[in-house]
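Participant: What follows is a protein structure lacking sequence information:
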C-alpha cells in the first residue's frame, strides 16, 4: 500500500494543469531582466500596461527543470550538522520558521503565567538561534525573529540577521534577502565561516529564500532581481509560493496544488535559465 498523499496519476494531472497555467493565462512579469531571460529561452512575450505577460511553453520549462540538481549539500558551522538532501531519498528534515514580529516573554512568578508582547530584536534572534542549536531533532534554522532594533535599517539588516543567526547556531542557516546590495557581504560572511570560497561552494553554511511569485502568477520586480543574482552566485535558494485559498488561489484543493506547483516551477525555471545547475529548492506553503 502506498503512503503517498497523491497517486502517480494525480501527480501527472497536477503537473499537466500547472504547465497549462504557465501558458494560459501565463505569468505577469514586472522585471525586465527576467523578461529577457524567458524571451531568450523561447517564451512568448506580450506587452501590457506597466508589465508583460509571459507565456511559457512546456518544452522550455521541462528543459530548464532537467538542469536542476537532484542532490544538494547544505553545510553548517559544525560539519556533523551538514545536510545532504537527495530527491531520491524519502527522508524528512525539520527546520524552524518562519518569521515573527512579536516576541512573547512569559512570567511564571504569578499565579497564572502572564505574557508580555515585545518587538523582535537582534538579542532575541540570538536567543532563538541558541535554543534551536540545542534542539536535538531540529536539523536547520530558518531565521524566525524579525529584528526591529532602532539601529537596524535596510542597508544593514541582512548582515545583522545572518551574523546573529550564524554566531549562535552550528546548524545550517536560511533566510530571505532584504536588500540585494547586501548579497556580496552575506556570501563573503559565509565563505569566512566555511573556511574559504571553495569550502563554501561545496558546503554552503547559509542559503536564501525568495518569494519571487506573488499569487496569482505574478513575477515580483525586486525579488526576481534577487533570485537572478543569487542563482548566478550558485548559492542554494528556496523558491516559495503562498497563495491564499479563495483570495489569491483556488478554494479547491486540486486547483490550489496546481497553482502552487505552477508558481514554484516558474521560479525554478527562471533560476535554471539564469544559472543552469545552480542549487534550488521547491518551497510550497
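Facilitator: Right, received. Where do you want to start? Model, not experiment: these values are computed from the prediction. Numbers count the residues shown, from 1 in each chain.

Participant: Quick check: residue 35 touching residue 52?
Facilitator: Yes: Residue 35 sits in contact with residue 52 when judged by CB atoms under 8 Å, with a separation of 5.4 Å. Where C-beta positions appear, they are placed from N, C-alpha and C, glycine not excepted.

Participant: joint contacts of the two?
Facilitator: Residues touching both residue 35 and residue 52 (CB atoms under 8 Å, 6 or more residues apart in numbering): 29, 45.

Participant: And the helices in the protein, which stretches?
Facilitator: In the chain, the helices defined using DSSP state H lie at 8-21, 32-41, 58-65, 122-133, 154-166, 183-194, 197-202, 221-232, 253-274.

Participant: just checking, what packs against the shortest one?
Facilitator: Going back to what we said before, that points to helix 197-202. Here helix 197-202 touches helix 183-194, going by 3 or more CB pairs under 8 Å, 6 or more residues apart in numbering; DSSP states H and E.

Participant: go on, the fourth one?
Facilitator: In terms of contacts (3+ CB pairs under 8 Å, 6+ apart), helix 122-133 is packed against strand 140-142, helix 154-166.

Participant: residue ranges with poor pLDDT in the chain?
Facilitator: Where the chain drops to pLDDT under 70, the residues are 1-2.

Participant: and if we set it to 80?
Facilitator: 1-5, 98 (pLDDT under 80).

Participant: circling back: ranking the helices and strands packed on helix 122-133 by burial, who's on top?
Facilitator: strand 140-142 (a mean of 23; mean count of other CB atoms under 10 Å).

Participant: roughly how far is stretch 160-170 from the heart of the chain?
Facilitator: The chain centroid and the centroid of stretch 160-170 are separated by 18 Å under CA atoms, centre = their mean, to the nearest Å.

Participant: quick revisit: quick one, which of the helices of the chain gets closest to residue 144.
Facilitator: helix 122-133 (5.4 Å; CB to CB).

Participant: between the closest one and helix 154-166, how big is the angle?
Facilitator: Taking axes from the mean of the first three to the mean of the last three CA atoms, to 10 degrees, one finds helix 122-133 and helix 154-166 inclined to each other by 30 degrees.

Participant: Could you list the buried residues of helix 122-133?
Facilitator: 122, 124, 125, 126, 128, 129, 132, 133 (16 or more other CB atoms under 10 Å).

Participant: burial measure for residue 201, as a count.
Facilitator: Per other CB atoms under 10 Å, the neighbour tally for residue 201 reads 15.

Participant: residues contacting the residue nearest to it when sequence neighbours are not counted?
Facilitator: Nearest non-adjacent residue to residue 201, counting by CB to CB, 6 or more residues apart in numbering: residue 234, 7.0 Å away. Counting by CB under 8 Å, 6+ apart, residue 234 touches 201, 275, 277, 278, 279.

Participant: And residue 277, by the same measure?
Facilitator: Applying CB under 8 Å, 6+ apart, we find residue 277 in contact with 67, 68, 69, 234.

Participant: wait, the third one sits on residue 279?
Facilitator: Yes: if you go by CB under 8 Å, residue 69 and residue 279 touch, sitting 5.8 Å apart.

Participant: Show me which of these two is the more surrounded one.
Facilitator: residue 279 (20 against 14).

Participant: Give the phi and psi angles for the more buried one, as a check.
Facilitator: Torsion angles at residue 279 (phi, psi; degrees, to the nearest 10) stand at phi -70, psi 130.

Participant: Make 13 the starting number, not 1.
Facilitator: Renumbered: residue one is now 13, and that last one reads residue 291.

Participant: for it, what are its contacts?
Facilitator: Listed by CB under 8 Å, 6+ apart, the contact set of residue 291 reads 81, 84, 219, 246, 247, 248, 249.
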